[in-house]
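Enquirer: no letters, just coordinates:
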């Protein structure tokens, strides 16, 4: 599971999904756009539009799917609830993995039912070069006894472990940067998949700058 607002989906998101599948040896990666992200304001583009852009971006990429799971239920898009659905879908023995970025990881102890995340899945943190900075005390407590050092150790159990992982490309693209460029008419070539860029231009999306992080 790779969740997020995908506001809009960019090549960093898509490349992360591909590399996670390869590095972890996953059967597939579900990219799940949040309908109502609980830790930020509602995106200016609707969940349905973001899902449509995500499907265009993924195209025929093997093993990567756009999953509307969080658009199919009411209320905030809590990751624990999403993982519970996936656990029921794939059974108790399936190895489920939830991937998240480093910034989200640092706030993990403040998420909705963070302990429950580990009862349902393994977590993978896509690290960045400064990942050696000290962790908040509450996060250190949450991670106690859960962190492993290898993909093999992570995948040996269906849930309960965490791995911090450096992916090969680590593309430094942010959706905030993309939105800013779109709002002022700047080029987003090679930041977005061509089909995503074409749809945004055709529908006139992101013409107003929402410069909040995300």
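Expert: Ah, there it is. In this text the structure is predicted, and so the values were computed from the model without any measurement.
Enquirer: for the protein, which segments are assigned as helices?
Expert: Under the criterion DSSP state H, the chain contains helices at 11-24, 47-58, 79-90, 102-106, 114-120, 137-143, 151-155, 175-183, 194-203.
Enquirer: and the contacts of the one helix or strand in the chain whose mean pLDDT sits lowest?
Expert: Within the chain, no helix or strand scores below helix 102-106, which has a mean of 91 by mean pLDDT, DSSP states H and E. Helix 102-106 is contacted from outside by 125, 126, 127, 128, 131, 135, 136, 139, 164, using C-beta atoms under 8 Å, 6 or more residues apart in numbering. Every residue, glycine included, has its C-beta placed from N, CA and C.
Enquirer: among the residues you listed, which one lies nearest to residue 20?
Expert: Closest approach between the contacts of helix 102-106 and residue 20, by C-beta to C-beta: residue 126, at 7.7 Å.
Enquirer: surely the closest one and residue 167 touch.
Expert: Yes - using C-beta atoms under 8 Å, residue 126 is in contact with residue 167, at 5.9 Å.
Enquirer: give me the common contacts of those two.
Expert: Shared contacts of residue 126 and residue 167 (C-beta under 8 Å, 6+ apart): 16, 20.
Enquirer: tell me which of the two has more neighbours.
Expert: The neighbour comparison of residue 126 against residue 167 (other C-beta atoms under 10 Å) goes to residue 126, with 21 against 17.
Enquirer: any idea of the pLDDT on the more buried one?
Expert: Reported pLDDT at residue 126 in the predicted model: 93.
Enquirer: and the nearest residue to it once chain neighbours are set aside, what is it in contact with?
Expert: Distances taken as C-beta to C-beta, 6 or more residues apart in numbering put residue 101 closest to residue 126, at 5.4 Å, once the chain neighbours are dropped. Residues near residue 101 by C-beta under 8 Å, 6+ apart: 125, 126, 128.
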